[in-house]
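Engineer: build the 3D model from these lines:
(one chain, ligands or ions: 2)
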Amino acid sequence: MSLPVEDTRPVADLGLRWKPGFSTLGPAFFTELRPTPLPDPYWVGHSDAVARELGLPSGWRESEGTLAALTGSLPVAGTRPIATVYSGHQFGVWAGQLGDGRAILLGETEGGLEVQLKGAGRTPYSRGGDGRAVLRSSIREFLCSEAMHGLGIPTTRALCVTGSDARVRREELESAAVVTRVAPSFVRFGHFEHFAANQREDELRALADYVIDRYYPECRTTARFNGNAYAAFLEAVSERTAALLAQWQAVGFCHGVMNTDNMSILGLTIDYGPFQFLDGFDPRHICNHSDTQGRYAFNQQPNVAYWNLFCLAQALLPLIGDQEIAVAALESYKTVFPNAFEDRMRAKLGLSAPAEDDRALIEGVLKLMAAEKVDHTIFWRRLSKHMADGNIEPVRDLFLDRAGFDAWMLTFSERHAQSQRAEAAELMLRSNPKFVLRNHLGQQAIEASQQKDHAGVATLLKLLETPFEEHPGADDYAGFPPDWASTIEISCSS
Ligand SMILES: Nc1ncnc2c1ncn2[C@@H]1O[C@H](COP(=O)(O)OP(=O)(O)OP(=O)(O)O)[C@@H](O)[C@H]1O
Ligand SMILES: [Mg+2]
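Structural biologist: Residues are numbered from 1 along each chain as shown. Ligands and ions are numbered 1, 2, ... in the order given. Below is the predicted model:
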């Protein structure tokens, strides 16, 4: 009889405790694998807030093996990494099987957070891709994840970006990086579509049960839809998605690739690719240069989300069992979205209670802004300041159509006749951010990082984590975009 051989391969202990999570679903849902090491890695940026949320010990970045573990060179003690399989509709067309082609899930912490390495090498779902992510897009994803969180918008989070001088080919050669992402779950609509399309009802049901039990337990006991838990689940996802879209539209966030494989089942913003915060307010803005038809234009996003929910409904149909019930479960999107959007816009206008003419007031100002592509973030912040200090000129100066602006302003002031100005100003200043991750700000930090100066990433992170605060001395980050900003081309290349 031989004694069991002790596994003496080195591992990194991140100081986290792990529990069984997605992998309990079984091998039909993923492939076990190890990340592919990125050579000679270095730190590019990190979030102490996410580290605290995960429960990482202080000094976590200094502890031995952490950098190597987060760039795939060392296994993480207690984890069994996997890549999951999903499918999806891309640009309105069924794309068949996709899956984590470059994201590898390390596992789930005892605190219920999944940790994933994006850009960690090829997987069985990479198709033609190299399994890597470039530094440029990794910095954008890292900063925007944390910016969205700072704005109070549901999102996957990012612990850090780790880079390497290893080169990967996109339009040109670029350096590679990994984003360590964190979320309660990375399950997408596409995971459900995958098993539905392959007529694997047992797996479809197992996945739905897993997600409901963990994230939507209230669906088990609901009286809605005669106690049909799957219909209640669909309705809950629709409502979370509607609330998310209301937040995107109110802040001027354009996602850029709202394919069904980029739609989170938890209503989180996921996959920061060609996203953009609007500079000038152009409702038809298309941020993704690969989106030649404008399918994902800013003002299309709420409809696209509904279209995507319809795909999810079709996938869940075998479980729901009745087409009419499935359609009914989607119905609330049509009221939750506009109501949530109006709530957000009211807050931006400093109005704490609804009134009959609110919609006209909101549409009126958006129309004025659109006519001249007035800077979205600057307009709202200046309007908030005006509520605080009474000075209207900085807002008025943003418009050429002074008469149009004055007419709207009159209605706005009348609506506020009974308001406590200080209270209204306070509401506006915490609803209208001073700082958003504009393309040119990200671009400057990226270019410095590509030259090994990562200070810009840290500076931006600090501002974006608390975007409603003034941050004296940082006004340059809150100004109009420079002329060259409009020449930045953001595509699906990442
Ligand atoms: N460089 C790459 N290597 C391998 N697969 C890739 C690569 N880039 C994208 N993919 C895969 O192509 C599909 C669509 O890509 P998409 O850009 O939506 O996602 P992503 O940015 O890779 O990741 P995520 O949605 O996890 O944020 C996904 O299956 C993705 O894993
Ligand atoms: Mg994606």
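Engineer: ligand 1 contacts on the stretch 101-250 of the chain?
Structural biologist: Residues of the stretch 101-250 of the chain lying near ligand 1 by CB under 6 Å from any ligand atom: 101-103, 118, 125-126, 129-132. For every residue, glycine as well, the C-beta is placed using N, CA and C.
Engineer: isn't residue 191 up against residue 207?
Structural biologist: Yes - contact criterion CB atoms under 8 Å: residue 191 and residue 207 qualify, at 6.2 Å.
Engineer: among the residues of the stretch 101-250 of the chain next to ligand 1, which ones are buried?
Structural biologist: Buried members of those, scored by 16 or more other CB atoms under 10 Å, are 101-103, 118, 125-126, 130-132.
Engineer: please enumerate the strands of the stretch 351-494 of the chain.
Structural biologist: Shown for the stretch 351-494 of the chain, no strands are assigned by DSSP state E, counting those that start in this stretch.
Engineer: any weak-confidence spans in it?
Structural biologist: Along the stretch 351-494 of the chain, no part satisfies pLDDT under 70.
Engineer: let me know the closest of the buried ones among the residues of the stretch 101-250 of the chain next to ligand 1 to ligand 1.
Structural biologist: Nearest to ligand 1 among these, counting by CB to the nearest ligand atom, is residue 101 at 2.4 Å.
Engineer: contacts only, for that closest one.
Structural biologist: Contact analysis of residue 101 by CB atoms under 8 Å, 6 or more residues apart in numbering lists 83, 122-123, 125-127, 129, 131.
Engineer: can you report how many residues lie near residue 399?
Structural biologist: Counted with other CB atoms under 10 Å, the neighbours of residue 399 add up to 19.
Engineer: how much space separates it from ligand 1?
Structural biologist: Per CB to the nearest ligand atom, to the nearest Å, residue 399 is found 38 Å from ligand 1.
Engineer: ok, residue 326 next?
Structural biologist: Taken as CB to the nearest ligand atom, the span from residue 326 to ligand 1 is 26 Å.
Engineer: so that residue is in which element?
Structural biologist: helix 323-330 (DSSP states H and E).
Engineer: again with residue 108
Structural biologist: Going by DSSP H and E, residue 108 is in strand 103-109.
Engineer: who are the packing partners of that strand?
Structural biologist: Strand 103-109 makes packing contacts with strand 18-19, strand 82-84, strand 114-118 when contacts are defined by 3 or more CB pairs under 8 Å, 6 or more residues apart in numbering; DSSP states H and E.
Engineer: list the buried residues of stretch 347-354.
Structural biologist: 347-351.
Engineer: what number of residues lie near whatever residue of the chain ends up closest to ligand 2?
Structural biologist: Closest approach between the chain and ligand 2, counting by CB to the ion: residue 271, at 3.9 Å. Residue 271 sits with 23 neighbouring residues when counted by other CB under 10 Å.
Engineer: that one contacts residue 262, correct?
Structural biologist: Yes - shown here, residue 271 and residue 262 form a contact pair, counting by CB under 8 Å, at 4.2 Å.
Engineer: so where's the protein uncertain?
Structural biologist: Residues of the chain meeting the criterion pLDDT under 70: 1-8.
Engineer: just to revisit the earlier point, turn the buried ones among the residues of the stretch 101-250 of the chain next to ligand 1 into CSV, columns for distance to residue 429.
Structural biologist: Compiled in CSV, those are given as follows (distance: CB to CB, whole Å):
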residue, distance to residue 429
101, 42
102, 40
103, 37
118, 34
125, 45
126, 46
130, 45
131, 44
132, 41
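Engineer: of those residues, closest to residue 388?
Structural biologist: The nearest member of these to residue 388, counting by CB to CB, is residue 118 at 40.7 Å.
Engineer: circling back: and the buried residues of stretch 347-354, which of them are in helices?
Structural biologist: The helices in this structure, assigned by DSSP state H, contain 347-348 from the buried residues of stretch 347-354.
Engineer: of the buried residues of stretch 347-354, which pair is most distant in space?
Structural biologist: The distance between the two most remote of these (CB to CB) is 8.8 Å, for 348 and 351.
Engineer: how far off centre is the longest helix seen in the chain?
Structural biologist: Longest helix in the chain, counting residues (DSSP H): helix 229-251. Centroid separation for helix 229-251 versus its chain: 14 Å, with CA atoms, centre = their mean, to the nearest Å.
Engineer: find the centremost residue of the protein, please.
Structural biologist: residue 269 (2.6 Å; CA atoms, centre = their mean).
Engineer: quickly list what that residue is bridged to.
Structural biologist: residue 155 (DSSP bridges).
Engineer: what about residue 412, distance to ligand 1?
Structural biologist: For residue 412, the distance to ligand 1 - CB to the nearest ligand atom - is 40 Å.
Engineer: how many neighbours does that residue have?
Structural biologist: Neighbours around residue 412, by other CB under 10 Å: 19.
Engineer: over to residue 283?
Structural biologist: There are 16 residues near residue 283, going by other CB under 10 Å.
Engineer: over to it: give its phi and psi.
Structural biologist: Backbone torsions for residue 283, taken as degrees, to the nearest 10, come to phi -60, psi -30.
Engineer: cool, residue 432 as well?
Structural biologist: According to degrees, to the nearest 10, residue 432 has phi -120, psi 100.
Engineer: thinking again about what came up before, using CSV, lay out the helices and strands packed on strand 103-109 together with distance to ligand 2.
Structural biologist: Formatted as CSV, those follow (distance: least, CB to the ion, whole Å):
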stretch, distance to ligand 2
strand 18-19, 25
strand 82-84, 12
strand 114-118, 9
